[in-house]
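Participant: Please work out how this folds:
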Amino acid sequence: QVHLVESGGGLVQAGGSLRLSCAASGPTFDYYTFGWFRQAPGKEREFVASFSWTGGHTFYADSVKGRFTISRDNANTVYVQMNSLKPEDTAVYYCAAGPWIVDDDVPLPNRYYHWGQGTQVTVSS
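Facilitator: Okay, here's the model as predicted:
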């Protein structure tokens, strides 16, 4: 069973930075894709970025390209470094993981089997 725990959210001024962490535990992550999604009040959950555990391929939503960077370390933690934050980045951010997700399906929440509890990011103007 894969277990995900996010941390690192908080309140930051526009233009600032935050780094979110997703600590993952489980028997194996081979062929898994890890994704970050976010959900603002009254809006649907939307894709932010993803990272394939085996190949290291990354994808980003157009709204965060050039500002956010997804990465992992050797201790089974996936990060998203968020720079130049904007008020519209305010949302609850979720870490998710799923096996055998093809590239076209990476932005689809229902392709991810495992989800963390979420962490709030608030960007003030």
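Participant: The residue nearest the centre of the chain and residue 78: what is the separation?
Facilitator: Most central in the chain under CA atoms, centre = their mean is residue 36, positioned 1.8 Å from the mean C-alpha point. Going from residue 36 to residue 78 by CB to CB, to the nearest Å gives 8 Å. Heads up, the C-betas are built off the backbone N, CA and C, glycines and all.
Participant: overlap in contacts of the two?
Facilitator: Contact with both residue 36 and residue 78 is made by residues 22, 70, 95, according to CB atoms under 8 Å, 6 or more residues apart in numbering.
Participant: Return the members of these classed as buried.
Facilitator: Neighbour-count burial (16 or more other CB atoms under 10 Å) applied to these gives 22, 70, 95.
Participant: OK, contacts around the residue nearest to the centre of the chain?
Facilitator: 20, 22, 48, 49, 50, 70, 78, 80, 93, 94, 95, 96.
Participant: for the chain, what spans make up the strands?
Facilitator: 3-7, 10-13, 18-25, 32-39, 46-52, 58-60, 68-72, 77-82, 91-99, 114-115, 119-124 (DSSP state E).
Participant: I'd like these laid out as JSON lines, including distance to residue 107 and mean pLDDT.
Facilitator: Converted to JSON lines, those look like this (distance: least, CB to CB, whole Å; pLDDT from 0 to 100):
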{"stretch": "strand 3-7", "distance to residue 107": "18", "mean pLDDT": "96"}
{"stretch": "strand 10-13", "distance to residue 107": "25", "mean pLDDT": "98"}
{"stretch": "strand 18-25", "distance to residue 107": "17", "mean pLDDT": "97"}
{"stretch": "strand 32-39", "distance to residue 107": "8", "mean pLDDT": "97"}
{"stretch": "strand 46-52", "distance to residue 107": "4", "mean pLDDT": "96"}
{"stretch": "strand 58-60", "distance to residue 107": "7", "mean pLDDT": "97"}
{"stretch": "strand 68-72", "distance to residue 107": "13", "mean pLDDT": "96"}
{"stretch": "strand 77-82", "distance to residue 107": "15", "mean pLDDT": "97"}
{"stretch": "strand 91-99", "distance to residue 107": "11", "mean pLDDT": "97"}
{"stretch": "strand 114-115", "distance to residue 107": "15", "mean pLDDT": "97"}
{"stretch": "strand 119-124", "distance to residue 107": "19", "mean pLDDT": "98"}
